[in-house]
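1. Curious how this folds, go ahead:
(chains A, B, C and D, ligands or ions: 2)
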There are 2 protein chains.
Amino acid sequence: MLSKSCIYGIQAAIYVAANASQEFVPISQIASELKISFHFLTKVLQQLTQARLMNSYRGPKGGVALAKPSTEVTLYDLIGAIDGTAIFTECMLGLPGCGIAEPCPAHEHWTKVRSELTVIARRLTLDSMAKKAGELNVRLTEEFRYAQTMFPAIRPLNGNH
Amino acid sequence: MLSKSCIYGIQAAIYVAANASQEFVPISQIASELKISFHFLTKVLQQLTQARLMNSYRGPKGGVALAKPSTEVTLYDLIGAIDGTAIFTECMLGLPGCGIAEPCPAHEHWTKVRSELTVIARRLTLDSMAKKAGELNVRLTEEFRYAQTMFPAIRPLNGNH
DNA sequence: CCTATTTTAGACAAAAGAGTCTGAAATCTG
DNA sequence: CAGATTTCAGACTCTTTTGTCTAAAATAGG
Ligand code: SF4
Ligand code: SF4
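-> Ligands and ions are numbered 1, 2, ... in the order given. Presented below is the predicted three-dimensional model:
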């Protein structure tokens, strides 16, 4: 579905949003906490800064920061900046010029899924994801849980959802 | 979303379903009509026969045929046989062991899309897709339209959908 | 001004996906 | 049986994605 680059970008953006207290968050910090290759993440985040979703600053005390309030950055923006918006417009069978009087056999069903995906991606903001990430037992990566690291945790419970 | 292999496999399966009159359809015929590399399609269809979704027969008059009635083969089966079922079970952020008391920040929204996708894939049969493919101006690939080739067409209209 | 830190830019390597090709095995036709 | 056709199996190449590494530019702080 989403490329590795895109997944890393989303995770990092959530991390940055949750660390709003820090002016600029160094990429090295994000990479090590989220267990992502530093150099690879660097390239991904460059895409986000080039897309004006993030600002970057060099030198000591440098790093990356959101260019807009986290309430104004959506999942759609992030995916669009890294993987492109094809996933929201493209066809199941990947045919060019689709949906315009030349439907493939799965069209009507596929567009239903696709539009729901689009609505959700447009609605989900970094802010709301970061808040979720702050809840107990909600994780950002395989190992990294905000509840236990960022907000040195209270109760190491197993909440089910 | 879907790999090229998977897309080719689905297109070919629809083609075979629509050609139910032919006992075995040679892969060369499918490949040339659908403009897919013959050798590549051969490997994809081998996956479908190994998954028992198709039967194959060698020699002159050989080819591939559906192993079951086209009403009993779903999009889910095809995708599962080629790309695997990960797309129906996996997470947006691709984390292992997900959805079990360890949700990522997008979980509740993502599962909604995912389950709708699953329902649709399970419901969509080769039969219904092949029937759609038989309708005018519904195409299977960029160039191949059933209405104009298989059922040498009546009215070359632009229907919109 | 000097050094340490950090992003930027781009080369490079490894792995996975997509596509090509060859030879062998099975099967039909004559 | 001989020859043509077709799937099967696997090697091989090309491209894209993923990941690693190095050097340069910017900046803070002493
Ligand atoms: S007809 Fe619809 S579902 Fe099919 S390939 Fe085009 S846009 Fe996608
Ligand atoms: S928590 Fe849900 S959406 Fe997030 S990675 Fe896991 S299954 Fe996917």
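
2. where does A:Ala65 land in three-state SS?
-> strand (DSSP: H, G, I helix; E, B strand; the rest coil).

3. Walking through chain A, point out its helices one by one.
-> A:4-18, A:27-34, A:38-50, A:75-82, A:86-89, A:107-123, A:126-134, A:146-149 (DSSP state H).

4. Quick check: the closest residue to A:Ser3 other than its chain neighbours vs DNA strand C, distance?
-> Nearest residue to A:Ser3 in three dimensions, chain neighbours excluded: A:Asp83, at 5.4 Å (C-beta to C-beta, 6 or more residues apart in numbering or on different chains). Heads up, the C-betas are built off the backbone N, CA and C, glycines and all. Here A:Asp83 is placed at a distance of 15 Å from DNA strand C (C-beta to the nearest atom of the strand, to the nearest Å).

5. Cross-check the contact I'm expecting between A:Asp83 and A:Tyr8.
-> No: A:Asp83 lies out of contact with A:Tyr8 (C-beta atoms under 8 Å); the separation is 11.4 Å.

6. okay, these two: which has more neighbours?
-> A:Tyr8 (24 against 18; other C-beta atoms under 10 Å in any protein chain shown).

7. Give me the below-cutoff pLDDT ranges for chain A.
-> A:94-104, A:134-161 (pLDDT under 70).

8. Tell me which residues touch the nearest residue to A:Met92 once chain neighbours are set aside, please.
-> The shortest distance from A:Met92 to any non-neighbouring residue, by C-beta to C-beta, 6+ apart, is to A:Trp110 (4.4 Å). The contact partners of A:Trp110, by C-beta atoms under 8 Å, 6 or more residues apart in numbering or on different chains, come to A:91-92, B:120.

9. Most neighbours among these, which one?
-> A:Met92 (25 neighbours).

10. Look up how far A:Ile30 lies from A:Val16.
-> 7 Å (C-beta to C-beta, to the nearest Å).

11. Among the two, which residue is more densely surrounded?
-> A side-by-side neighbour count of A:Val16 and A:Ile30, using other C-beta under 10 Å, places A:Val16 first with 26 against 23.

12. gap between that one and B:Glu23?
-> From A:Val16 to B:Glu23 the distance is 61 Å (C-beta to C-beta).

13. likewise A:Met54?
-> For A:Met54, the distance to B:Glu23 - C-beta to C-beta - is 60 Å.

14. Which one's more surrounded, those two?
-> The neighbour count for A:Met54 versus B:Glu23, taken as other C-beta under 10 Å, is higher for A:Met54 (25 against 11).

15. partners of the more buried one in the sheet?
-> A:Leu66 (DSSP bridges).

16. doesn't B:His109 make contact with A:Leu124?
-> Yes: A:Leu124 is in contact with B:His109 according to C-beta under 8 Å; the separation is 5.9 Å.

17. residues near the residue lying closest to A:Asp77 once chain neighbours are set aside, how many?
-> Counting by C-beta to C-beta, 6+ apart, A:Leu53 is the residue found nearest to A:Asp77 once chain neighbours are left out, at 6.0 Å. Neighbour count for A:Leu53, taken as other C-beta under 10 Å: 23.

18. re the thing from before, can you give me the distance of the residue nearest to A:Met92 to A:Leu93?
-> Distance, A:Trp110 to A:Leu93, by C-beta to C-beta: 9 Å.

19. Can you verify my assumption that the residue nearest to A:Asp77 contacts A:Val64?
-> No: using C-beta under 8 Å, A:Leu53 is not in contact with A:Val64; the gap is 9.8 Å.

20. Name the residues contacting each of these two.
-> Counting by C-beta under 8 Å, 6+ apart, A:Leu53 and A:Val64 have no contacts in common.

21. DNA strand C contacts on chain A?
-> Residues of chain A lying close to DNA strand C by C-beta under 7 Å from any atom of the strand are A:26-28, A:39, A:42-43, A:45-46, A:49, A:56-64.

22. Among the residues you listed, which ones lie close to ligand 2?
-> Checked against ligand 2 using C-beta under 6 Å from any ligand atom, the residues of chain A next to DNA strand C yield no neighbours at all.

23. Of those residues, select the buried ones using a PyMOL command.
-> Here is the PyMOL command that selects only those of these that count as buried (16 or more other C-beta atoms under 10 Å in any protein chain shown):
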select buried, chain A and resi 26+27+42+45+56+63+64
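
24. filter the residues of chain A next to DNA strand C by proximity to chain B?
-> Near chain B, judged by C-beta under 8 Å from any C-beta of the partner chain, there are no entries from the residues of chain A next to DNA strand C.
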